[in-house]
Structure formats: C-alpha cells, structure tokens
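Visitor: Any chance you could fold what I've pasted below:
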Amino acid sequence: MTIEIPPVPQTQEQAATRRLANAIRALAMDAVENAKSGHPGLPMGMADAATVLFSKFLKFDPAEPHWHDRDRFVLSAGHGSMLLYALLYLTGYPGMTLDDIKTFRKVGSPCAGHPEYSHAPGIETTTGPLGQGIANAVGMALAERHLNARFGDALVDHKTYVIASDGDLMEGISHEAISLAGHLKLSRLIVLYDDNSITIDGATALSDSTDTIERFQAAGWNTVHVNGHDAADVARALAWAQNSDKPVLIACKTIIGLGLPTRQGTQKAHSDAPGAEEVAGARLELDWPSPPFVIPEDILADWRAIGAKGRPAREAWAKRKAASERAADFDQAQSGDMPAALAPALLAVKKTASSEKPAIATRKASELALDAINATVPWTVGGSADLTPSNNTRTKGMHEITPDDYSGRYIHFGIREHGMAAAMSGMALHGGIVPYGGTFMCFSDYCRPSIRLAALMGLRVVYVMTHDSIGLGEDGPTHQPVEHLAALRAIPHLLVLRPADAVETAECWQIALGEKSRPSLLALSRQNLVTARTEHTDENLSARGAYELAGAADAKITLLATGSEIEIALKARDLLAADGIAARIVSMPCWALFEEQPATYRDAVLGPGTLKVAVEAGVGLGWDRYVGPGGKFVGMHGFGESGPYKDVYRHFGITPEAVADAARAALKGN
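Guide: Residues are numbered from 1 along each chain as shown. Okay, here's the model as predicted:
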C-alpha cells in the first residue's frame with residue numbers, strides 16, 4: 001500500500017516548520033541506522049506535528065525539567081522513541097547529548113529502545129507497551145485537575161499532551177482510558193493521534209475498520225481531523241483545543257517514515273534500520289545534506305530558542321508560588337514525604353487492635369487503617385474499580401471526584417481495572433498525590449501490565465487487592481485467586497504484602513506509604529480473621545518481611561504462613577503441643593522485604609535446625625526456598641471450588657489438622 005503525500009501549502013511558516021522537523025527526521029534515521037534496529041517511521045511521520053506542539057504550545061523549560069507546573073508530554077507510541085530523544089536534545093534538556101543519541105539502543109544509554117522514566121529528564125513515563133502511555137496521561141490530567149482544585153490556578157494550571165499511534169488505540173486499555181477521561185471531562189488532555197493507516201503487518205485495514213473519530217466522540221471527547229504535515233492546520237487545531245470543554249483528539253493524517261524514498265507510507269518504514277542507500281535517498285528527499293548526527297548551527301540555535309521560551313512562564317510561576325499562602329502545603333505534597341502525624345496515628349490503630357482483639361477481615365482492617373491515613377495525609381487519593389463496598393477503600397468524609405468537582409479524594413473508576421492501574425501510575429508520575437485503588441485479587445491479572453510498569457518505574461502506587469484466596473467462598477474458582485500471589489511476587493521491585501490481622505494490616509499500610517520508589521500491593525481477606533498480635537509493640541515487625549510470631553523452647557518445627565493462614569498455623573501449633581511437639585510460628589507478610597534482610601536475620605527467623613511446614617491458600621510456587629528439602633507445603637494444587645469458605649478450606653485440606661499432620665510427617669522423614 002502506498003499513501004500519497006497530501007498537498008501542503010508552501011508558506012513561510014510551513015517551510016520554517018519543515019526545516020526544524022527535518023532535524024528530528026535526520027536524528028531518527030541516523031540513530032536507527034547506526035543501531036541497526038529501531039522504529040524510524042513514527043518519528044519521521046510525526047516530526048511536523050511535534051515541532052508545532054513544542055514550538056508554539058507546550059509549556060516547558062529544559063533548564064528546570066521537573067518544574068511542577070510544566071505541561072506534560074507523553075509519547076504513548078513508545079516505539080517511536082527517537083522522536084522524544086531528538087526533541088530533548090534539540091531543545092536543550094540536560095542528560096541528552098548527541099553522544100547519547102549515537103548510543104541509541106545500547107546498554108547503559110539513556111536512549112533505550114523505548115522511553116524509560118528517569119533515564120533522562122523530560123521522559124515523563126515509560127512507554128512501549130501500547131496503550132499504557134495514553135492511560136498514564138489520563139491519570140496525569142486527572143491529577144492536574146485535582147491539584148488545581150486544591151491549590152488554584154496560581155500554582156497548578158497546565159495541560160497534558162499525548163502522541164498516540166494506531167496501536168495505542170487498538171489496545172483494550174485505550175477504551176478504558178478514553179471513556180474515563182471523557183466521563184470526567186478532562187479538558188486539559190490533548191491527544192495527537194498519528195493516523196498513518198499502517199501497522200507492522202501492513203495497512204490497518206487488515207485488522208481494523210473502526211471510525212476513530214466517532215469512537216472518541218461517543219466517549220465524550222471533542223475531535224478534529226488535520227493534515228499532520230501542514231503546520232498551519234496542526235497549529236489551528238491545537239489553538240482550538242486550548243479552550244475545549246472536553247478532552248481533545250486531534251487526528252493527524254500522516255505518512256509514516258516521511259522522507260524515506262522507497263519505504264514511506266508502507267509497513268517497511270515502521271521498524272528496522274532503513275539501510276545506507278535508503279538513508280542517503282532520504283537526505284536528498286528532505287534536502288538535508290549534513291552528515292550523520294550533524295545539526296546545522298542555525299537550526300540547532302532555533303531549536304534551543306524554542307527550549308528557552310518557557311523560562312519566563314516558569315519564573316512567573318516561581319514568583320506566584322513564593323507569594324502564595326499555600327506554598328508550604330504545595331511543597332509538602334510534592335515532596336512525597338509523609339506527615340509526622342502519620343506514624344502515631346497508625347500506632348494508635350495497632351494499639352487498639354492488639355487491645356480489643358477484633359475478629360475482622362483484613363479488608364475491613366485496611367479501611368480502619370485508611371480512616372487514620374486519610375485523616376492525616378491530605379494528598380492520598382483513593383478509588384475502586386466498581387467494588388467500593390467490597391474493597392473498603394472509601395473512608396469517612398471522603399467525597400468523590402466528579403466532572404463538576406475535582407476537589408474530592410475518591411475516584412469511581414468503573415469496571416476498568418487496567419485503566420485504573422495505569423491512571424494511578426500517571427497520578428504518581430505527576431506528583432503531589434499518593435494514589436491507591438482497589439479491586440478483587442483475581443482481577444490483578446487485568447492490572448498486571450500497569451503494575452509491572454509501575455514497578456519498572458519505581459512509583460509509589462498502592463494496589464488494594466481484596467478477596468485474596470479461596471476464602472472468598474461462594475463466588476467460586478473464577479474469582480478465587482490461587483496462582484496470583486506467586487505471579488505477583490515474581491514481579492521485580494513490587495512489594496506484595498499479605499497481612500494476617502488488623503495489626504499487620506496497619507503495619508503494611510505504613511510500609512506502603514513509606515516506599516517512595518516502588519509500588520506495593522496489599523492482599524486482603526474477605527473472611528474474618530482473629531487478631532494474632534495481641535501484645536502491642538511500637539516496632540513495625542512486618543517491615544522486615546518476616547518475623548517470629550510465636551516462639552517455642554526446643555522447637556522441632558517451624559510453621560511458616562501468611563495472611564489468613566496464620567490463624568490455621570496457630571491452631572496447628574496447639575495440636576502439635578498436645579502431642580508434645582514444640583513448634584514455632586513465623587509470619588511472612590512480605591517475601592521481598594524478608595529477602596532484603598541480612599542473612600543472619602533470615603537464618604534466625606527461619607529457625608536453623610527445625611523442619612519447616614508452610615501453609616498458604618495459594619499454589620506452592622516459591623515456598624521451596626523456605627521449607628527446604630525436608631519441609632512440607634500445605635496449600636492449593638489447582639483451582640478452587642464454590643461453597644462456604646470454611647467448607648472450601650476443608651475440601652482442599654487447608655486445615656490445622658492437615659498442617660499438624662504435615663509436621664508429623666516431616667519429623668518422620670515422610
């Protein structure tokens with residue numbers, strides 16, 4: 001399939017924009033050719049539109065790349081990463097040099113194959129898995145509106161811009177993201193859609209016939225078509241979008257790989273190095289005689305002037321902040337540090353639980369902890385994927401965020417688990433907010449790609465996953481998570497926290513809020529659990545990942561458990577004691593934290609010289625490292641069963657008697 005270059009008026013504005021845009025095209029094709037891999041098509045196709053955006057509309061200052069009131073720019077089509085790297089270099093961002101671009105896709109380079117958050121200033125989020133960027137951007141736009149409602153226009157007044165591809169909009173997460181944005185009327189969100197009609201396989205018509213404009217309109221967006229290579233057309237659309245009452249989609253009709261003489265407009269331009277002959281032909285096509293990686297001084301000077309134009313706006317904002325009565329509150333929210341009052345508030349929750357010894361579900365215990373947290377930390381924002389009464393994520397006095405009032409602190413995400421998780425990442429990336437959101441543990445599968453990226457980026461996001469085992473009972477195996485704990489524990493840099501009672505739940509919340517550079521997931525029970533920690537201690541014992549809950553002199557057995565199975569272990573210990581077998585109990589609410597402890601601590605907690613029996617209402621994957629070759633595991637070996645939860649536990653043999661029998665068998669060497 002060949003797409004003809006649309007006619008573009010040859011005005012002075014058009015010529016100036018094309019001249020600047022060709023610098024992006026040159027850097028993109030040179031970097032991809034040098035690396036012998038990459039995706040030149042999108043950077044070369046969207047260079048004109050991106051040039052208009054950065055030169056005329058985007059509010060940014062490379063001299064202060066983390067300025068809080070900057071506009072956010074998200075390259076959702078992360079495969080086109082050279083578009084972003086070229087823009088960062090050309091506009092003068094620190095941490096992005098020509099030498100860096102020459103190392104595109106090399107180990108240790110800030111110019112990774114897909115943009116990675118924190119690799120260089122100006123990369124607002126990690127993208128590449130399609131759909132994630134636009135969904136992150138919804139969270140950023142929502143964070144901007146919420147903080148604007150709190151602090152006013154003087155401190156928070158910016159927009160979120162996105163460049164998205166056909167692939168972004170085909171992914172299911174995009175439906176969740178755009179419908180939420182449309183419902184909430186996030187009018188500061190502006191998406192430039194690279195409508196080039198090409199995917200890797202060929203024409204988009206091979207697999208898709210969606211009318212994208214009508215789709216976005218149905219979701220509550222304002223939309224417009226433009227010629228993506230016509231600078232004036234793109235500028236008119238962006239100017240119109242500035243005062244929209246809804247989020248905006250600008251569909252930019254472009255030619256993928258514009259300038260590549262035999263590949264432009266075809267799937268061959270999408271990815272892979274073009275080859276030396278094609279690059280040479282592109283230099284002629286684009287009237288770009290400069291050698292590879294050389295930007296003429298006058299063009300670079302014009303780009304650097306574009307980079308400097310945001311300085312007056314940034315300085316004016318700094319003056320407004322200095323004069324604002326809300327400056328201290330604003331800075332505290334942006335710092336990410338927890339208020340000093342949080343620790344004693346959660347300590348009081350622990351003391352009450354140890355004293356009153358409630359038999360409550362840890363999802364309810366989480367609500368009690370959140371009552372204290374949300375009353376103490378003004379910048380927590382919670383929500384649920386249409387399971388608020390089950391997740392217990394809305395606390396006293398919280399009112400919801402609505403299209404007419406963004407000042408609330410509770411978000412009804414609807415049945416959009418994936419979109420919720422990605423939006424929470426966007427809120428965390430934006431700053432000034434600590435987001436948490438809930439759904440059933442089984443539906444963490446729907447969230448998983450976003451959870452993984454939050455872990456990769458090192459974001460403080462808290463996932464409240466309730467109904468964490470077969471203990472949810474009658475809803476049956478479709479809703480009973482059995483493999484999920486193991487699968488989630490496998491994600492690097494994610495803290496999976498499974499508390500046993502109200503005391504541990506408060507401790508796990510304290511851990512999650514204190515982790516500024518990684519996400520946490522709380523696995524919480526539906527069923528009531530006895531209080532295991534009946535003696536108060538100020539120390540957060542869960543913070544070490546595992547600890548001795550109950551000791552025993554001359555112990556022969558160590559029972560290892562998490563969450564709801566601590567109660568089973570306690571009863572099994574009594575059964576063993578009746579037989580004269582001394583057993584100790586180790587609670588292991590967070591394996592990842594336990595693995596970070598010194599070896600001497602880990603060895604002492606696991607009980608050298610004792611046989612290990614682990615009990616958890618999930619699959620045994622991963623427990624071998626703790627129980628050892630002579631140990632036993634009591635848990636799930638397949639999917640669950642519908643029925644009252646106590647009957648389901650008995651059906652699968654996850655009982656005190658079964659644990660005690662496993663301990664006896666271990667002692668006998670069976």
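Visitor: Please, where are all the helices along the stretch 301-450 of the chain?
Guide: Assigned by DSSP state H, counting those that start in this stretch, the helices in the stretch 301-450 of the chain fall at 311-323, 327-335, 342-356, 362-376, 388-391, 417-430, 444-457.
Visitor: where exactly do the helices run in the stretch 451-600 of the chain?
Guide: Going by DSSP H, counting those that start in this stretch, the stretch 451-600 of the chain shows helices at 484-489, 502-514, 565-578, 591-595, 599-606.
Visitor: State which helix of the protein is the longest.
Guide: With DSSP state H setting the assignment, residue counts place helix 12-35 as the longest helix in the chain.
Visitor: rewinding a little: would you mind giving the helices of the stretch 451-600 of the chain as a markdown table with distance to residue 54 and mean pLDDT added?
Guide: Just so you know, the C-beta spots here come from the backbone N, C-alpha and C atoms, and that holds for glycine as well. Output for these, formatted as a markdown table (distance: least, CB to CB, whole Å; pLDDT from 0 to 100):
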| stretch | distance to residue 54 | mean pLDDT |
| --- | --- | --- |
| helix 484-489 | 39 | 98 |
| helix 502-514 | 37 | 98 |
| helix 565-578 | 55 | 98 |
| helix 591-595 | 40 | 98 |
| helix 599-606 | 51 | 98 |
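Visitor: got those as TSV, with distance to residue 354 and mean neighbour count columns?
Guide: What follows is the helices of the stretch 451-600 of the chain, written out as TSV (distance: least, CB to CB, whole Å; neighbours: other CB atoms under 10 Å):
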stretch	distance to residue 354	mean neighbour count
helix 484-489	26	22
helix 502-514	6	26
helix 565-578	15	21
helix 591-595	21	18
helix 599-606	21	14
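Visitor: Can you check which of the ones you listed gets nearest to residue 378?
Guide: When the helices of the stretch 451-600 of the chain are compared by CB to CB, helix 502-514 sits nearest residue 378, at 13.0 Å.
Visitor: The closest one relative to helix 342-356, how many degrees between them?
Guide: 170 degrees (axes from the mean of the first three to the mean of the last three CA atoms, to 10 degrees).
Visitor: Show me how far helix 502-514 is from its chain's centre.
Guide: Averaging C-alpha positions (CA atoms, centre = their mean, to the nearest Å) puts helix 502-514 21 Å from its chain's average.
Visitor: which ones are touching the nearest residue to residue 536 once chain neighbours are set aside?
Guide: Distances taken as CB to CB, 6 or more residues apart in numbering put residue 354 closest to residue 536, at 4.2 Å, once the chain neighbours are dropped. Counting by CB atoms under 8 Å, 6 or more residues apart in numbering, residue 354 touches 503, 531, 533, 534, 535, 536.
Visitor: From residue 355, how far off is the closest residue to residue 507 other than its chain neighbours?
Guide: Spatially, and ignoring its direct neighbours in sequence, residue 507 is nearest to residue 542 (3.9 Å; CB to CB, 6+ apart). Applying CB to CB, to the nearest Å, the value for residue 542 to residue 355 is 19 Å.
Visitor: show me the contacts for residue 123.
Guide: Residues in contact with residue 123 (CB under 8 Å, 6+ apart) are 84, 88, 115, 116, 117.
Visitor: Quick check: the gap between it and residue 98.
Guide: 17 Å.
Visitor: same check, this time on residue 249
Guide: 34 Å.
Visitor: Identify each buried residue in stretch 134-154, please.
Guide: 134-148, 150-151, 154 (16 or more other CB atoms under 10 Å).
Visitor: would you list every one of the strands in the stretch 101-250 of the chain?
Guide: 160-165, 189-195, 198-199, 202-203, 222-227, 248-253 (DSSP state E, counting those that start in this stretch).
Visitor: Ok, the stretch 501-650 of the chain next?
Guide: With DSSP E, counting those that start in this stretch as the criterion, the stretch 501-650 of the chain has strands at 520-524, 547-550, 557-561, 583-587, 611-619, 632-636.
Visitor: how many neighbours does the spatially closest residue to residue 475 that is not a sequence neighbour have?
Guide: Once flanking residues are discounted, residue 475 sits nearest to residue 642: 7.1 Å by CB to CB, 6+ apart. Using other CB atoms under 10 Å, residue 642 has 15 other residues around it.
Visitor: cool, residue 516 as well?
Guide: Using other CB under 10 Å: residue 516 sits among 14 other residues.
Visitor: I figured it hits residue 459, correct?
Guide: No. Using CB atoms under 8 Å, residue 516 is not in contact with residue 459, being 9.2 Å away.
Visitor: quick one: average pLDDT of stretch 392-403?
Guide: Averaging pLDDT along stretch 392-403 yields 96.
Visitor: meant to ask about stretch 204-221, not that
Guide: In the prediction, stretch 204-221 has an average pLDDT of 97.
Visitor: Okay, buried residues for stretch 622-631 please.
Guide: Buried positions in stretch 622-631, judged by neighbour count with 16+ other CB under 10 Å: 622, 623, 626, 627, 631.
Visitor: Quick one: these as JSON lines, columns for pLDDT and distance to residue 350 too.
Guide: As requested, those are exported to JSON lines (pLDDT from 0 to 100; distance: CB to CB, whole Å):
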{"residue": "622", "pLDDT": "98", "distance to residue 350": "28"}
{"residue": "623", "pLDDT": "98", "distance to residue 350": "28"}
{"residue": "626", "pLDDT": "98", "distance to residue 350": "26"}
{"residue": "627", "pLDDT": "98", "distance to residue 350": "30"}
{"residue": "631", "pLDDT": "97", "distance to residue 350": "31"}
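Visitor: who's more crowded, residue 249 and residue 98?
Guide: A side-by-side neighbour count of residue 249 and residue 98, using other CB under 10 Å, places residue 249 first with 30 against 14.
Visitor: Kindly provide the distance from the more buried one to residue 191.
Guide: 5 Å.
Visitor: Can you check what angle separates whichever strand or helix holds residue 43 from strand 160-165?
Guide: Applying DSSP states H and E as the criterion places residue 43 in helix 41-52. Here helix 41-52 runs at an angle of 150 degrees relative to strand 160-165 (the same axes, to 10 degrees).
Visitor: quick check: mean pLDDT across helix 41-52?
Guide: For helix 41-52, mean pLDDT is 98.
Visitor: Quick check: what element follows it along the chain?
Guide: Next along the chain after helix 41-52, taking DSSP H and E as the criterion, comes strand 72-75.
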